[in-house]
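Undergrad: structure, please.
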Amino acid sequence: MATFVVGCEAERQNLPAGWHRGAANRRTANVGPLPLVAARHAGIQVARRLPCGRPPRAAGWHARSLSTTEQVRQVCGSDCSRATSRCDVSDYTLLTGATGLLGSYLLRDLLCAGCRLVVVVRPNKRQTAPKRIESILQKWEGELQQELPRPVCLQGDVNQDYLGLDEDARQWLAEHCARVIHSAAALTFHEESNGEPWQTNVEGTRHVLQLCEDACIRQMHYVSTAYVCGVRTDRIYEHQLDLGQTFRNDYEQSKLQAESLVRRAPHLQQTTIYRPAVIAGDSQTGYTNTYHGLFMYLQLMCVLARNTEPGPDGVRHTDLELHISGDEPRNVIPVDWTSRVLCQLFRNPAAHGRTFHLAPQQRMTARQMIEAGYTYFNSTGVTFAAPSAQPQTSSGNMGQDVFQSSGMYRAYEASDPEFDTTNLEKFAGHLPCPEIDEAMLHRFMKYGEEDRWGKRRAAPAQIPFCVGSYLSQLWPAPDLPAPEVSPPAWTLGLDVIGPGGGQWTLTLAAGRLAAIEPGIHAACASHLKISASQFAELVDSMESYRQDQRPLAWEAPDAAPGFNISAPQLGRLLGQPEKTAPVSAPRQLTKKPG
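TA: Numbers count the residues shown, from 1 in each chain. Next up is the predicted model:
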């Protein structure tokens, strides 16, 4: 029986997340902050469910070495063709790219909409995978002034087979996950020594599809790009893909190949494609965490303006000649709108199975950007001329530096096509794209300067109390054989929101807490939503009581699925004495002799 150790608990024990102390100190699954803890009480050990949530046919199933697909066939008597219509799973959605700009907004918006998420995240040099997600969520909580649910966090990497997930993690996905939003991508324009952008965009997508087949996930929501159209000047329609076009760079071509892989995958029953145009910052705050595209030009403008001394009139004269007309349209969209629309389409089943261009109705121009810079920096001096190989400038080497820095985007200066948005207008026409006007461009510039154009470090996550770490310490997880017959069990879905929170299923049998599993099962008899700070207070109260008395044991009567319990009742489940009036019968928790 595997044991999942939470990220903060693993660090306390000087173990990497996903390891546990036990026989042979063997490696289990990287489930980050949501532990699976099995404990024997009164001769009980609760085994994990097989894919589709069905009970095993025979005792000892957990010792078999079977692939997920083979297990499904044995349990269900068929293959995974019914995976998309399973009604006995808790319906989690797997999200990749959650630490990217768009992915972090999708994480926020989907959680706010009540979607249950599982994310695959790789650690970086400064933070573990769970802490990266915690830092992002705490940022959003600070802005929203509300606590958010936590996703199931799997440590992995899209550049590895099966995203680097072991059999336990993949089986968990097979049991609980119905669909994938694949938004992870590399924005590298030209191939580098590490194989990007092909490695992430093509091979990473191939690995996601491999995982979907293994875990019987049949619904794919793929975040492509509008620029799979390549070099074209005519109107681009949503149903078009490979017309033999040429490409400006490797990024465009790699995304076309990735989208083609998704469309051709035989094991997917439904594929929805989202093709955003150039994604900029937040329309309200100016926030970004990547300085590509529009923000690269804004940064160059800032460098040029801030390095030019004001004249006697107080105006900065940045003499620079740009060899464009200035009126070329640009397809740029704010990231918050992109996420909002994508979530709207994702949550509408009638929109699934289609392709959507996420493009603006009103396109911006280079002239608008330059004029916004004039008013922001109190500057002038940029002139537009006919296209040429080199700019002519009277600002020394500064203009030449600007020209060289923007070279990777020069192919987009000549043409940026018009994208058809028929499907988008049909299903999300009530959410028009905000126009990128002077005020919004000023917000982008202001945020870029405050962020020192990406050099400012984000505040580390603060976790006063890690619920997952506490739960993993309740009991050891002995590697003992499961009994041939298990007594009736009662399950509670525990949703702890806020810093240090998470989602678990608690199983009670024979009046005792028998198992803790990551995620909330669809078949949970009862549910409780509580903040991490409230949970910490509950634990403090329990610990004070345990210093003097033996904990009481409780049993739960039959309860209809979806029945919600209270925090005091949870305390009684974990051993806290009753301090409040019981809830009305017949759904109250009843005392069992200790």
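
Undergrad: use CA for all of it now, contacts and neighbours both
TA: Noted.

Undergrad: look up phi and psi at the closest residue to residue 224 other than its chain neighbours.
TA: With Cα to Cα, 6 or more residues apart in numbering as the criterion, residue 224 has its nearest non-adjacent residue at 4.9 Å, and that residue is residue 275. The phi/psi pair for residue 275 (degrees, to the nearest 10) reads phi -120, psi 90.

Undergrad: make 54 the first number, not 1, from now on.
TA: All right, first residue 54 from here; so that's residue 328.

Undergrad: what is the neighbour count of residue 328?
TA: 22 (other Cα atoms under 10 Å).

Undergrad: that one contacts residue 276, doesn't it?
TA: Yes. With contact defined as Cα atoms under 8 Å, residue 328 reaches residue 276; the gap is 6.2 Å.

Undergrad: returning to what we had before: so who does the residue nearest to residue 277 touch?
TA: For residue 328, the contacting residues are 276, 277, 278, 279, 280, 408, 409, 410, 411, by Cα atoms under 8 Å, 6 or more residues apart in numbering.

Undergrad: what about the last one, how many residues close to it?
TA: Translated: residue 411. As a burial measure, residue 411 scores 29 neighbours (other Cα under 10 Å).

Undergrad: next: the second one.
TA: Around residue 277 there are 25 other residues, counting by other Cα under 10 Å.

Undergrad: what does it show for phi and psi?
TA: The phi/psi pair for residue 277 (degrees, to the nearest 10) reads phi -100, psi -140.

Undergrad: for residue 202, helix, strand, or coil?
TA: On the three-state scheme (DSSP: H, G, I helix; E, B strand; the rest coil), residue 202 is labelled coil.

Undergrad: how about it: what's its closest non-neighbour residue?
TA: Counting by Cα to Cα, 6+ apart, the residue nearest residue 202 is residue 550, at 4.3 Å.

Undergrad: show me the contacts for the one you found.
TA: Per Cα under 8 Å, 6+ apart, neighbours of residue 550: 200, 201, 202, 203, 582, 583, 584, 585.

Undergrad: ok, the last one to residue 144 distance?
TA: In other words, residue 585. Distance from residue 585 to residue 144, counting by Cα to Cα, to the nearest Å: 23 Å.

Undergrad: residue 507 contacts residue 348, correct?
TA: No. Applying Cα under 8 Å as the test, residue 507 and residue 348 come out as separate, 10.5 Å apart.

Undergrad: so which of the contacts of residue 328 belong to strands?
TA: Using DSSP state E, the subset of the contacts of residue 328 located in strands is 276, 408, 409, 410, 411.

Undergrad: which of those lies closest to residue 170?
TA: Among these, residue 276 lies closest to residue 170 (Cα to Cα), at 16.7 Å.

Undergrad: wait, residue 316 touches residue 323, no?
TA: No. Using Cα under 8 Å, residue 316 is not in contact with residue 323; the gap is 9.2 Å.

Undergrad: in stretch 462-469, what counts as buried?
TA: With burial defined by 16 or more other Cα atoms under 10 Å, the residues of stretch 462-469 counted as buried are 462, 466, 469.

Undergrad: okay, and which of these map to helices?
TA: residue 466 (DSSP state H).

Undergrad: buried set for stretch 392-405?
TA: Residues 392, 393, 394, 395, 396, 397, 398, 399, 404, 405 are the ones in stretch 392-405 that count as buried (16+ other Cα under 10 Å).

Undergrad: now for whichever strand or helix holds the third one, which elements pack on it?
TA: Using DSSP states H and E, the element containing residue 394 is helix 388-399. Helix 388-399 makes packing contacts with helix 154-165, strand 331-333, helix 475-481 when contacts are defined by 3 or more Cα pairs under 8 Å, 6 or more residues apart in numbering; DSSP states H and E.

Undergrad: return the most buried member of those.
TA: strand 331-333 (a mean of 23; mean count of other Cα atoms under 10 Å).

Undergrad: what pairs with that one, parallel or antiparallel?
TA: Here strand 331-333 has these sheet partners by DSSP bridges: strand 385-387 (parallel).

Undergrad: ok, residues contacting the partner strand?
TA: Around strand 385-387, the neighbours that count as contacts under Cα under 8 Å, 6+ apart are 329-336, 347, 411-413, 416-417, 486-487, 489.

Undergrad: tell me the buried residues within these.
TA: 329-336, 347, 411-413, 416-417, 486, 489.

Undergrad: residue 209 and residue 175 touch, don't they?
TA: Yes. Between residue 209 and residue 175 a contact is recorded at 5.1 Å, counting by Cα under 8 Å.

Undergrad: quick one: contacts of the helix holding residue 394?
TA: With Cα under 8 Å, 6+ apart, helix 388-399 has contacts from 154-155, 158-159, 162-163, 274, 327, 329, 332-336, 404-405, 411, 480-481, 484, 486-487.

Undergrad: how does it look with 6 Å?
TA: Helix 388-399 has contacts (Cα atoms under 6 Å, 6 or more residues apart in numbering) with 158, 159, 332, 333, 334, 335, 404.

Undergrad: closest one to residue 379 out of those residues, please.
TA: Closest to residue 379 out of these is residue 333 (19.2 Å), distances taken as Cα to Cα.

Undergrad: ok, now which ones touch the closest one?
TA: Contacts of residue 333 were listed using Cα under 6 Å, 6+ apart, and they are 386, 387, 388.

Undergrad: what distance do you get for it to residue 184?
TA: From residue 333 across to residue 184, the span is 26 Å (Cα to Cα).

Undergrad: the strands in the stretch 504-647 of the chain, which residues?
TA: Applying DSSP state E, counting those that start in this stretch to the stretch 504-647 of the chain gives strands spanning 542-550, 555-562, 565-571, 579-584, 606-608, 616-617, 643-645.
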